[in-house]
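[1] Kindly generate the corresponding structure for this input.
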Amino acid sequence: MTINDNVMAAAGRSACAPSRRSDVPAFIVMDVMAAAARLEASGAKVIHMEVGQPAAGAPASARRAAAAALQGGYLGYTESLGMPSLRARIARHYRERHRFDLDPERVIVTTGSSGAFILAFLSMFEAGDRVAIAVPGYPPYRHILASLGCIPVGIETRAATRYAITPEALMAAHREAPLKGVLVASPANPTGTMMGEGALAALIATATDAGIKFISDEIYHGLDYAFPAQTAAALSDDVVVINSFSKYFCMTGWRIGWMVAPEALVRPIERLHQNLAISVPTISQIAAEAAFEGADEMELVKAGYALNRRRLTEELPGCGLDTFLPADGAFYLYADVSRFTNDSYEFAKRVLAEAHVAITPGLDFDPVDGKKFVRLSYAGAPADMEVAITRLRDFLTRR
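    Residues are numbered from 1 along each chain as shown. This next block holds a predicted model:
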């Protein structure tokens, strides 16, 4: 190879260097899931408490509808905003669950909640905008915002406020440097905590008065135990609501969710979606519309989560895991492990290697205090949760 060849080869390698915007942290839970899969490939039986994925499948009504669609033989594009019948069914869902009349024209079908976050951030914020999120909180909020050139602003939450952003905390962050947006989740991931209607309404009003755009992550709606979850869409027409079929309807792999957007954002989001994805997979939309017929089936699944929640909160304190954040909803326990470790990442690795239970280190959700916490998902089958309790007890009592 000549000198010129070497120069050209080096130039070619540098041309494929990753962009700075791609330099976001890993979503650690997915790394844990991959490590658990490698352990399973060696023959081990791993109990999965790491990923927020229901053990149950999609409702029978959804699977029947999908099978019928496949037999039909042709599945083409749909409108970028989603199938009109699905958008209408989602709007009807708000009337049935929240006694709130929603215009179907404000409903946008997305590729899971992940696709909805990308569309929301692109349509609402400019590069350099500061967007507040709760800490601890779902990692891709900050990772997606950062990759789009926005600045995620973590607001530390505390027990005194039930681990929710308060109007006072929001305005304190806004005074430090102006915020363009705030994103809240209720029920929240990883904590499972929820905001009551009054707290949510007060936060929306404060944000609106300050000119701060509001996004409500409601993907765990339906999975509430302490009190019914309230939708931000019923409290203001000027908020963006994001939801999904992944959690309550057990349709993670179908990759389908939705947004409720203010009228002024519908067309901008439609244009973005036309260019980024054209439309959501048609078979997933057909299945999602039929999933609403399976609510009774999903309530039985939810009852299984409630049983898991009760068993874990009863049994784990005897093993030394006796401090959890309020588990109002979703299917997570966010547990303090500081009596065992100050490195939740290494702790989670040991639990997987020695107990064959996959859990998520809190560092995924809180880069600072997360070293003292782990997240346990109780979305698995009740029998698996019983095995997990036994294995965790044996592991923790050996320490």
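[2] Show me what the longest helix along the chain packs onto, helices and strands only.
    Counting by DSSP state H, the longest helix found in the chain is helix 295-315. With contacts taken as 3 or more C-beta pairs under 8 Å, 6 or more residues apart in numbering; DSSP states H and E, helix 295-315 sits against strand 332-336, helix 382-397. In this view, the C-beta of every residue, glycine as well, is placed from N, C-alpha and C.
[3] pull the CA atoms of it into CSV?
    The C-alpha coordinates for helix 295-315 follow below in CSV (Å, rounded to 0.1, in the frame of the first residue of the first chain):
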residue,chain,number,x,y,z
ALA,A,295,-59.9,-5.0,28.9
ASP,A,296,-61.4,-7.8,31.1
GLU,A,297,-58.4,-10.0,30.2
MET,A,298,-56.0,-7.2,31.0
GLU,A,299,-57.6,-6.6,34.4
LEU,A,300,-56.8,-10.2,35.3
VAL,A,301,-53.2,-9.5,34.3
LYS,A,302,-53.2,-6.3,36.5
ALA,A,303,-54.5,-8.4,39.4
GLY,A,304,-51.4,-10.6,39.0
TYR,A,305,-49.2,-7.5,39.2
ALA,A,306,-51.0,-6.4,42.4
LEU,A,307,-50.4,-9.9,43.9
ASN,A,308,-46.7,-9.6,43.0
ARG,A,309,-46.5,-6.1,44.5
ARG,A,310,-48.0,-7.4,47.7
ARG,A,311,-45.8,-10.4,48.0
LEU,A,312,-42.6,-8.5,47.3
THR,A,313,-43.4,-5.7,49.7
GLU,A,314,-44.3,-8.3,52.4
GLU,A,315,-41.3,-10.6,51.9
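[4] pLDDT of stretch 387-394, averaged?
    Mean pLDDT, stretch 387-394: 96.
[5] In PDB, list the C-alpha atoms belonging to that stretch.
    Only the C-alpha atoms of stretch 387-394 are listed here, as PDB (Å, rounded to 0.1, in the frame of the first residue of the first chain):
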ATOM      1  CA  VAL A 387     -38.800 -17.900  42.800                       C
ATOM      2  CA  ALA A 388     -37.200 -14.500  42.700                       C
ATOM      3  CA  ILE A 389     -38.100 -13.900  46.400                       C
ATOM      4  CA  THR A 390     -36.400 -17.100  47.400                       C
ATOM      5  CA  ARG A 391     -33.300 -16.400  45.400                       C
ATOM      6  CA  LEU A 392     -33.000 -12.900  46.600                       C
ATOM      7  CA  ARG A 393     -33.500 -14.000  50.200                       C
ATOM      8  CA  ASP A 394     -30.700 -16.600  49.800                       C
END
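[6] what's it in contact with?
    With contact meaning C-beta atoms under 8 Å, 6 or more residues apart in numbering, stretch 387-394 is reached by 47, 49, 311-312, 315-316, 318-319, 321, 351, 355-357, 380.
[7] close enough to count as contact, residue 301 and residue 60?
    No. Contact criterion C-beta atoms under 8 Å: residue 301 and residue 60 do not qualify, at 11.9 Å.
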